[in-house]
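Participant: with the sequence up front, the predicted model follows.
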Protein chains: 2
Amino acid sequence: MSSIDKVLARIDANLDNSLDRLFDLLKIKSISTDPAFSADCRAAAEWLAKDLTGMGIEATVRETEGHPMVVGHRKSGKAGPHVLFYGHYDVQPVDPLNLWDTDPFEPSIVTREDGTKVIVARGSADDKGQLMTFVEAARAYLAETGDLPIDVSILFEGEEESGSPSLDPFLKATKDELTCDLALVCDTGMWDPETPAISIMLRGMVGDEIIVRAANRDLHSGHYGGSAQNPNHIVASIIAGLHDENGRITLPGFYDGVKDIPESLAKMWDGLGFSSEEFLGEIGLKYPRGENDRQPLEHIWTRPTAEVNGMWGGYQGAGSKTVIPAEAHAKFTFRLVEGQDPDKIQDAFRAYVRSKVPADCTVEFLAKDGSPALALDPNMPVIEKGKKALKDEWGKDTALIGMGGSIPIVGDFKRMLGMDSLMIGFGLEDDQIHSPNEKYNLTSFHKGIRSWARLIGELAETA
Amino acid sequence: MSSIDKVLARIDANLDNSLDRLFDLLKIKSISTDPAFSADCRAAAEWLAKDLTGMGIEATVRETEGHPMVVGHRKSGKAGPHVLFYGHYDVQPVDPLNLWDTDPFEPSIVTREDGTKVIVARGSADDKGQLMTFVEAARAYLAETGDLPIDVSILFEGEEESGSPSLDPFLKATKDELTCDLALVCDTGMWDPETPAISIMLRGMVGDEIIVRAANRDLHSGHYGGSAQNPNHIVASIIAGLHDENGRITLPGFYDGVKDIPESLAKMWDGLGFSSEEFLGEIGLKYPRGENDRQPLEHIWTRPTAEVNGMWGGYQGAGSKTVIPAEAHAKFTFRLVEGQDPDKIQDAFRAYVRSKVPADCTVEFLAKDGSPALALDPNMPVIEKGKKALKDEWGKDTALIGMGGSIPIVGDFKRMLGMDSLMIGFGLEDDQIHSPNEKYNLTSFHKGIRSWARLIGELAETA
């Protein structure tokens, strides 16, 4: 048996142990957006540092202004590329809790009606399950061969779900330590349950939150209705005016610099047989909503979007309350594509909002950081290695795809460390990340581990 | 001293006792919209029945499907008109509690910088303080003269702030008992702190609540943004589309039957010297928002309105959550004027909402009852008596005014019992009813009691 075959056999034989470790990590309530769970975030970091060190990748918990980082290294000056593997141990909030079928922090394996086995827990897919695929691949290599065939560093952060406020200063401070030949980023997905994928396009993001204030107190809607400004109406008109009747975003200059995709990519995507009926059917919808002159894959990969993630104002309780509230709120996110500048988009948004706020009302903006979109060169040599490793494991050609979500770290690695990223992950569309009943397919976990082992082997062969 | 002078002197001498009783009533947390306060509502009803009976108006607590009614009578077949005095003992919810300077259910008298003394508590103005002005006037009459000069019945309800669901069946069942010559309704206000008023126009109301549902679960706004419907955007577009750029409501047929006010009334209102700068300045605003070709008093008295009292969807917590929610909500109230049919308005609203909901989304309506607007004949003889009593007390001519709010009971009395209502009250624009720090001027309470005593005397003289 070749050394990679032995490593793969060990992965198969030890799958139960790998699952036990994943479950231990999933039980830690590392919700980064809520300060009530700060100690849990730290516990997750400590668990990971201990696990890595125990298997032979010397790792430590590093302090930040926010939740800590975990950094590990296994370096012996191998000839192959030195890779930095990135993942995040924090998870999204779990509300609405009543929509979960099980406790989000009590992981279990559920067998679905079609026989699919899935790991159900908050963070199972985003991102604890994914990051452990790499950790388990490295562990199997170390246990089987006594070493790794390439130099490996690790960076796990704990603020990915809350905008990574500590990442920039941390990367600045650890630039020399963390700059490698290549980053491996696992926070992405497969094309479908059989087809592996490498993500070559990521949308960027700008977030903003507004508070519109009118009267200096809540008013009786009978006494003041029709005369005093109602912040609910102002915020609603701001939201409603963001799109025109064709689904295009109305901010001046919003589409400046946005390009159509290259013919070759358009052709490959046509070949993927994407069905918006299926994509939307799975979530109970039928008709794509975006710009009505664009193809469905463009809506979710290569066209910029504007979404209101939350809005509220006035009375939300049972029954009625005849009130005109003093203020109303909304949280916005814009997904950006290549060619858009986050700062310019934010400026255009704020100018638009101000233009919609009456002269005797005010608006406050709660700033959020933005990140530009990122598109990789599909001809990068390492993408060829990735395609081979994935085809060996899954038996199918690898799709080069876009991603609707943002992975700002990939842009940070490029901008701050001059480092390219290979984005490979094993998430699926129906994983319900950020939603109740998040899951990760057992196949994703098992074959994901095997895929990383194969890729580590492929990368070593460049030596 | 005439008997009315003796009664007035007794009112003055006993003001502290009157305040003690009012405070006892204000301490009872009779919030009718929230089932958690059902026992408090009953306690308020029992307190009132006991107080009335103790002073000589035989009163009982009457059961309904909801909160109980209080009914009392003092009848001896007097020659004057038999009057039914109406008030409500329930109060609005107190949220947001953090904006109250004092506990809403611990009443106190506060002396403002300008020397004005005000009674601060939830319900001080709406409606416990107001209803006790009549009770105290009757008590003084009974104590001073041993009787009342006219026959008096009392109806206090406990569901005025929650749409009065039990009122219709109760009025049907007690029609013979409660039908009098005239109703006195105290849930109204003065023109300004020196000028008494009789309200001759009340806006009606239609309420509705919508839940718009899109995907069958919350979605990641990066993965589905730009493709899946976002209920926040749908609800916002429904709200934003309700008014055109001139402030007119866009529902088809909404203004059918709405008339301009008579020339004579327009002239009288001109003479009131209403300043929208002052009216809005007091609440921190400057510019009237309503239909821009109408006068400010029309906006708040004689023009129909549409207000969103509450809206919400998606994430409202700290930080951000990149979610497209499965549903979004809004609560609407329409204030109606003479000539508008509540059922037709509701039908038009629902048709409009349905037209804005995409084919693969749904909308649910949570029905609310409506009430038509009411306009009284300014030449009713009893209005002359009211004007005289009020001028005797306040020394100024009484303004005949409209009211922006709804008092459905006045329509119910007319429609179900064939009974006209004289609407006199002593509330002021800055009472902050339905808001934190609700107050009732001590002058309103004291001179309000004296005003009712005078009116009782005036009505007796028709004998």
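Facilitator: Good, I have the coordinates.
Participant: distance of residue A:436 from residue B:326?
Facilitator: Look at residue A:436 and residue B:326: by CB to CB, to the nearest Å, they are 10 Å apart. C-betas here are computed from N, CA, C, even on glycine.
Participant: so for residue A:463, what's the pLDDT?
Facilitator: Residue A:463 carries a pLDDT value of 45.
Participant: tell me what the strand or helix carrying residue A:41 is packed against?
Facilitator: If you go by DSSP states H and E, residue A:41 is part of helix A:38-55. Contacts defined by 3 or more CB pairs under 8 Å, 6 or more residues apart in numbering or on different chains; DSSP states H and E place helix A:38-55 against helix A:15-26, strand A:58-62, strand A:69-74, helix A:128-145, strand A:152-157.
Participant: does any part of the last one sit near chain B?
Facilitator: No - among the residues of strand A:152-157, none lie within reach of chain B under CB under 8 Å from any CB of the partner chain; the closest is 15.7 Å away.
Participant: could you point out which element follows that strand?
Facilitator: helix A:167-173.
Participant: list the buried residues for the helix holding residue A:41?
Facilitator: By 16 or more other CB atoms under 10 Å in any protein chain shown, the buried positions in helix A:38-55 come out as A:40-45, A:47-49, A:51-52, A:55.
Participant: ok, and what's touching it?
Facilitator: Helix A:38-55 is contacted by residues A:21, A:24-25, A:28-32, A:58-61, A:67-70, A:72, A:89-90, A:135, A:138-139, A:142-143, A:154, A:156, A:158 when judged by CB atoms under 8 Å, 6 or more residues apart in numbering or on different chains.
Participant: which of those residues count as buried?
Facilitator: Buried among the contacts of helix A:38-55 by 16+ other CB under 10 Å: A:21, A:25, A:28-32, A:59, A:61, A:67-70, A:72, A:89-90, A:135, A:138-139, A:142, A:154, A:156, A:158.
Participant: for residue A:161, see how far away the residue of the stretch 1-150 of chain A found nearest chain B is.
Facilitator: The minimum distance from the stretch 1-150 of chain A to chain B, using CB to the nearest CB, falls at residue A:33 (4.2 Å). According to CB to CB, residue A:33 and residue A:161 sit 6 Å apart.
Participant: now do residue A:58
Facilitator: Distance from residue A:58 to residue A:161, by CB to CB: 27 Å.
Participant: show me the contacts for residue A:321.
Facilitator: A:314-315, B:33, B:92-93, B:309-310, B:331, B:434.
Participant: just confirm it is within a strand.
Facilitator: No - going by DSSP: H, G, I helix; E, B strand; the rest coil, the assignment for residue A:321 is coil, not a strand.
Participant: show me how far stretch A:424-431 is from its chain's centre.
Facilitator: Centre-to-centre, stretch A:424-431 and its host chain are 11 Å apart (CA atoms, centre = their mean, to the nearest Å).
Participant: buried sites along it?
Facilitator: For stretch A:424-431, by 16+ other CB under 10 Å, it's A:424-429, A:431.
Participant: before we move on, back to that, from the contacts of residue A:321, pick the one nearest residue A:5.
Facilitator: residue B:310 (63.2 Å; CB to CB).
Participant: I'd assumed residue B:329 was in contact with that closest one.
Facilitator: Yes - contact criterion CB atoms under 8 Å: residue B:310 and residue B:329 qualify, at 7.5 Å.
Participant: shared neighbours, these two?
Facilitator: residue A:316.
Participant: quick one: low-confidence ranges for chain A?
Facilitator: The model of chain A has pLDDT under 70 over residues A:1, A:462-463.
Participant: the closest residue to chain B within the stretch 151-300 of chain A in helix, strand or coil?
Facilitator: Ranked by CB to the nearest CB, the top residue of the stretch 151-300 of chain A for proximity to chain B is residue A:222, at 2.9 Å. Three-state call for residue A:222 (three-state DSSP): helix.
Participant: mind checking the SS state of the closest residue to it other than its chain neighbours?
Facilitator: With CB to CB, 6 or more residues apart in numbering or on different chains as the criterion, residue A:222 has its nearest non-adjacent residue at 2.9 Å, and that residue is residue B:405. For residue B:405, the assignment made with three-state DSSP gives coil.
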